[in-house]
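Undergrad: Next one to model:
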Amino acid sequence: MDWWEWSPEAFAEARRRDVPIFLSVGYAACHWCHVMAHESFENEEIAAYVNQHFVAIKVDREERPDVDSIYMSATQAVSGHGGWPMSVFLQPDGRAFMAGTYYPPVDRQGHPGFLRLLQAMHDGWENQRPLIDRQTGEISRAVEQELTVLDRLQPATSSSLHDGLDVLESSLIAACDQFGGFSRAPKFPRPSYIAALLDRLHHEPVKAVVTLTLDAMSRRGLYDHLRGGFARYSVDAQWHVPHFEKMLSDQALLALVYLRADRAMGGGTPWRAVALDTLEFVRNDLRLPRGFASSLDADSNGEEGAHTTWTPEEVAAALDAAGLHDLIEATLYRYELHGDATFEGRYIPQLAPGVPFATPTEFVPVRAALCAVRAQRPQPGRDDKVILEWNAMTAVALFETFEPTLVADALQLLDDLTASHHVEGVWYRTDGRTSHATAADLAWFATALTSAFEATAEDGFLDRSKSVAEYLLEHHWDGDIPSPESPHAGSGILSSSKSQSDLPWRARDVFDGATPSGYATATMAFARLAKLTGEERFLVAAERLIGLARPLITEHPTAVPDLLDAALFHEQGLEIVIPGPPGPLLEEARGMFIAHGILVHGGGNSPLLQGRTLGSAYVCRNNSCQTPVDSPVELRRQLASMPQEEPS
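TA: Predicted structure coming up:
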């Protein structure tokens, strides 16, 4: 097929020829994207028909999430659901008149064949243009409704964020089934949901849901027990059979929530080991000269999951060759590689009941031997584009380990991303520099820089974070930027840069999904900077974003869990200040779970350090401080007893 990039030239070509556009949106690790490409796009008859009657545009949703978001709204309006590959038919002005997902080449199992669909779209364009125009108008109105949801919100019946947290808690407890997680199959990890519950582990039902879900995801087939890391989702309810692709964003967000959950439980859980093993996978298998690759494919050599599954005979042969014959039976037991085969006559490793997550010493050579055999198999493709958003998430997770080697990796990553994604005053989403940075890219990078400041106490990171946040306000704020004098100015954060001029609509993506929305992440970045710097421009920006979306936050929190988290941080976040060099007080603070707060230490220029006494720790909230303490025990007691204020 004669593919065009998403560009003004492609739309101009459609206008010149007076033909519709066929838009295919997918991503490198998408299994069904590869299937449709092989079945249809590489089919000579289908390709010739598309080239004759359409202008074909291909978009990588990871590189252009703004394009993906707009046309996913159209797809959901037409079919009631979305997914990838996304197949959309557009007028030459970019408005959709038909949309769907995967189509087989010929009619199959109730799905219309792609060639027959193309013929119908061409016939409609040539002979039923008024019908096409009417359908275009209906879909456009639906898309505009979705993209302007903030403008149509009714005032909230409650302004209390804790009411929103109550709704979220009860909804997630009700949604959790016997296997953990919050949906029927296919099951996706939702780290944002788990994170939202961590401050309520004193509620036994919450503790049970969190424990069940984190254990199930990390012990069953969703997790790769040999190389490490999480698959994108589970096709079954039990978390056993994964959809085998691995996304950098999932590794970062899941590592973060496992680290925080371990601290919230007081330590001693297997979850920190899960996070560290996940980050080791990232550092080993996704590392590039500058940054980390975005994903590994589900398929290897055209077969889904072929690189990760086993038969008992293959395991025995691998261990025999490594001189580990005596551990064959124990290995088959540990990874449940026995009984009925679980995936197309083969086995997906998962942990047997009662065995530890961390690899026991005697199994370290077993794991190495099996990984060595895996390395000889055809390997999945790797998408080597470096996405600013996902790499910044990874940096935040690395910082939260407090492991010196991983913190050093995170610091190097921030420098590498600055060099590769910030050129001549412009921030880009990927190292290919084909599109401007999104709001999520910039907000995550600003947040990662504040994490670097918390880790190192070096003022330069705070200055860099402020610069990125200023760029975010300049290039993504819709309307006048709020100020202390005009706190209600503007309409919030646009997902795409105002410099990105090739979109039919501009979205304010407020709903959280597999990753936090740019709106939520921007709110958190501004809120963190407001507490760290005391600068009102960031304070009023965070307050404006929260105010615009408060009805969603308090009444529909399952749609915006990350925005709820940012609002709670803004309105009740703690400030923990420990002047002077690292010592027992800082070590104690880092080991505790603080749902919403910042940690400032050292001797820099932060206003929070001014007038503080060396050797003491200060715990403050909303301009009110507790009595300074000078021992780790007192600090732990003080943090544990801090009341949960009712935010206004």
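Undergrad: Please make it C-alpha for all contacts and neighbour counts, starting now.
TA: Fine.
Undergrad: Which stretches in the stretch 401-550 of the chain count as helices?
TA: Under the criterion DSSP state H, counting those that start in this stretch, helices of the stretch 401-550 of the chain are mapped to 404-421, 439-456, 459-476, 518-533, 536-555.
Undergrad: Report the rounded mean pLDDT for the fourth one.
TA: In other words, helix 518-533. For helix 518-533, the mean per-residue pLDDT is 97.
Undergrad: Reformat the helices of the stretch 401-550 of the chain as CSV; add mean neighbour count and distance to Met217.
TA: CSV is the format used below for the helices of the stretch 401-550 of the chain (neighbours: other CA atoms under 10 Å; distance: least, CA to CA, whole Å):
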stretch, mean neighbour count, distance to Met217
helix 404-421, 18, 24
helix 439-456, 27, 25
helix 459-476, 20, 34
helix 518-533, 26, 25
helix 536-555, 23, 27
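Undergrad: Kindly confirm my reading that Ala341 is in a strand.
TA: No. Ala341 sits outside any strand when classified using DSSP: H, G, I helix; E, B strand; the rest coil, being coil.
Undergrad: In space, what's closest to the residue nearest the centre of the chain - neighbours in sequence excluded?
TA: The residue lying closest to the centre of the chain (CA atoms, centre = their mean) is Thr515, at 2.8 Å. Spatially, and ignoring its direct neighbours in sequence, Thr515 is nearest to Ser249 (7.3 Å; CA to CA, 6 or more residues apart in numbering).
Undergrad: can you check Tyr103 too?
TA: Counting by CA to CA, 6+ apart, the residue nearest Tyr103 is Phe114, at 5.3 Å.
Undergrad: Can you say which helix or strand has Gly180 in it?
TA: If you go by DSSP states H and E, Gly180 is not part of any helix or strand.
Undergrad: Contact partners for the closest residue to it other than its chain neighbours?
TA: Excluding its sequence neighbours, the residue lying closest to Gly180 (CA to CA, 6+ apart) is Thr213, at 4.1 Å. Thr213 is in contact with 179-181, counting by CA atoms under 8 Å, 6 or more residues apart in numbering.
Undergrad: just for the chain, where's the confidence low?
TA: Counting by pLDDT under 70, the ranges of the chain that qualify are 643-648.
Undergrad: on that earlier part again, can you tell me which of the contacts of Thr213 are buried?
TA: 180-181 (16 or more other CA atoms under 10 Å).
Undergrad: ok, so what distance separates the residue nearest to Thr515 from Ala514?
TA: Distance of Ser249 to Ala514, computed by CA to CA, to the nearest Å: 9 Å.
Undergrad: ok, back up a step: with Tyr335 as the reference, measure out to the residue nearest to Gly180.
TA: Separation of Thr213 from Tyr335 (CA to CA): 19 Å.
Undergrad: still on that earlier bit, Ser249 and Ala514 - which one has more neighbours?
TA: Neighbour tally, Ser249 and Ala514, criterion other CA atoms under 10 Å: the higher count belongs to Ser249, 21 against 14.
Undergrad: In three-state terms, label the more buried one for me.
TA: On the basis of three-state DSSP, Ser249 is classed as helix.
Undergrad: shouldn't it be in contact with Ile387?
TA: No. Between Ser249 and Ile387 there is no contact under CA atoms under 8 Å: 9.5 Å.
Undergrad: coming back round to it: out of the helices of the stretch 401-550 of the chain, which comes closest to Gly339?
TA: helix 404-421 (39.7 Å; CA to CA).
Undergrad: Give me the angle between that closest one and helix 439-456.
TA: Helix 404-421 runs at 140 degrees relative to helix 439-456, counting by axes from the mean of the first three to the mean of the last three CA atoms, to 10 degrees.
Undergrad: Show me what helix 404-421 is packed against.
TA: strand 291-292, helix 388-401, helix 439-456 (3 or more CA pairs under 8 Å, 6 or more residues apart in numbering; DSSP states H and E).
Undergrad: In the sheet, which residues pair with the nearest residue to Thr434 once chain neighbours are set aside? Tell me.
TA: Distances taken as CA to CA, 6+ apart place Tyr428 nearest to Thr434, at 7.4 Å, with adjacent residues excluded. Taking DSSP bridges, one finds His436 as the beta-bridge partners of Tyr428.
Undergrad: For Tyr428, which residues are in contact?
TA: Per CA under 8 Å, 6+ apart, neighbours of Tyr428: 388, 421-422, 434-438.
Undergrad: Any chance of those residues in JSON lines with distance to Gly547 as columns?
TA: Formatted as JSON lines, the contacts of Tyr428 follow (distance: CA to CA, whole Å):
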{"residue": "Leu388", "distance to Gly547": "28"}
{"residue": "His421", "distance to Gly547": "32"}
{"residue": "His422", "distance to Gly547": "32"}
{"residue": "Thr434", "distance to Gly547": "34"}
{"residue": "Ser435", "distance to Gly547": "30"}
{"residue": "His436", "distance to Gly547": "27"}
{"residue": "Ala437", "distance to Gly547": "25"}
{"residue": "Thr438", "distance to Gly547": "22"}
